[in-house]
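Asks: here is my input, please return the structure:
(one chain, ligands or ions: 2)
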Amino acid sequence: MTTTYRIAPSILSADFARLGEEVKSVIDAGADWIHFDVMDNHYVPNLTFGPMICQALKPHAKTASGVAVPIDVHLMISPVDALAVSFAEAGADLISFHPDASAHVHRSIQAIKSKGIKAGLVFNPAKSLEVLEWTIDEIDLILIMSVNPGFGGQSFIDSALRKVELARQWIERSGRDIRLEVDGGIKADNIRRVADAGADTFVAGSAIFGKPDYKTVIDQMRVALG
Ligand code: DX5
Ligand code: ZN
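Replies: Ligands and ions are numbered 1, 2, ... in the order given. From the prediction side, this is the model:
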């Protein structure tokens, strides 16, 4: 079975003074998704942007031929539910959250899916996958953190590879079409190892943004993925 790999540049490392242009540029360079890192300076020690920025960027999240590019919202916030609904109404296509950030994980998943969009769970480097026992049949995305959440430009944590392998086994046992995304420290020179562990979707922030040519980097990642 051939895997459809997806590259999801994180705008956390983009030029915040030109976000609309940055989204269009990285899509023109071949991005499959736009990864949108939401931080509240409560669940993580950083503060980024809210639903209004998502709404403002939504018209820019499309290819030159007008095909919509999914906005992949990663909530590093607590509590989850109210803002998740606001992001859904602001145009998010997928919303993932950290189970330890919600008092009622199953209800938070239901809140996201009640808006007709895809729901995902995010696992920090020291977080086990055990909550999947009760949620695997409800979600569309598993996001494995290969850095501690809060900042771009960190180094890849190798133990994430073992968790990706375990998550892939969960997905295969479920028989469901669940994307397996990895987030943090992804570069052209390590993306193949992450794919070999079982990932099919890759977040990359500092590897892409801040570089002179986004397409060169994305093309290098696609060559590495084969
Ligand atoms: C970190 C964010 C990641 C981060 C990835 O909390 O969730 O998406 O932006 O950035 P890089 O690719 O630079 O590690
Ligand atoms: Zn992220």
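Asks: show me the contacts for the residue in the chain that ligand 2 sits nearest to.
Replies: Shortest the chain-to-ligand 2 distance, computed as Cβ to the ion: residue-wise this is His74, at 3.7 Å. C-beta: built from backbone N, CA, C; applies to glycine. Contact partners of His74, counting by Cβ atoms under 8 Å, 6 or more residues apart in numbering, are 10, 35-38, 96, 122, 143, 183, 203.
Asks: what's across from it in the sheet?
Replies: Counting by DSSP bridges, His74 is bridged to Asp37, Ser96.
Asks: show me what from this structure comes close to ligand 1.
Replies: 10, 12-13, 35, 37, 74, 76, 147, 149-154, 183-186, 203-207 (Cβ under 6 Å from any ligand atom).
Asks: filter those residues down to the buried ones, PyMOL style.
Replies: Of the residues of the chain next to ligand 1, the buried ones can be selected in PyMOL as follows, counting by 16 or more other Cβ atoms under 10 Å:
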select buried, resi 10+12+13+35+37+74+76+147+149+150+151+152+183+184+185+186+203+204+205+206+207
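Asks: rewinding a little: which among the contacts of His74 gets closest to Ala195?
Replies: Nearest to Ala195, judged by Cβ to Cβ, of the contacts of His74 is Val203 at 13.2 Å.
Asks: make sure that closest one is indeed in a strand.
Replies: Yes - applying DSSP: H, G, I helix; E, B strand; the rest coil, one finds Val203 inside a strand.
Asks: near ligand 2, which residues of this protein are found?
Replies: 37, 74, 183 (Cβ under 5 Å from the ion).
Asks: switch to 6 Å and redo it
Replies: 10, 35, 37, 74, 183, 203 (Cβ under 6 Å from the ion).
Asks: where does this protein have low pLDDT?
Replies: The chain contains residues with pLDDT under 70 at 1.
Asks: now the strands for it?
Replies: For the chain, strands defined by DSSP state E occupy the ranges 6-9, 34-39, 71-76, 94-97, 118-123, 141-145, 179-183, 201-204.
Asks: and those strands as JSON lines, adding distance to Gly50?
Replies: Converted to JSON lines, the strands of the chain look like this (distance: least, Cβ to Cβ, whole Å):
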{"stretch": "strand 6-9", "distance to Gly50": "20"}
{"stretch": "strand 34-39", "distance to Gly50": "7"}
{"stretch": "strand 71-76", "distance to Gly50": "11"}
{"stretch": "strand 94-97", "distance to Gly50": "13"}
{"stretch": "strand 118-123", "distance to Gly50": "18"}
{"stretch": "strand 141-145", "distance to Gly50": "20"}
{"stretch": "strand 179-183", "distance to Gly50": "20"}
{"stretch": "strand 201-204", "distance to Gly50": "20"}
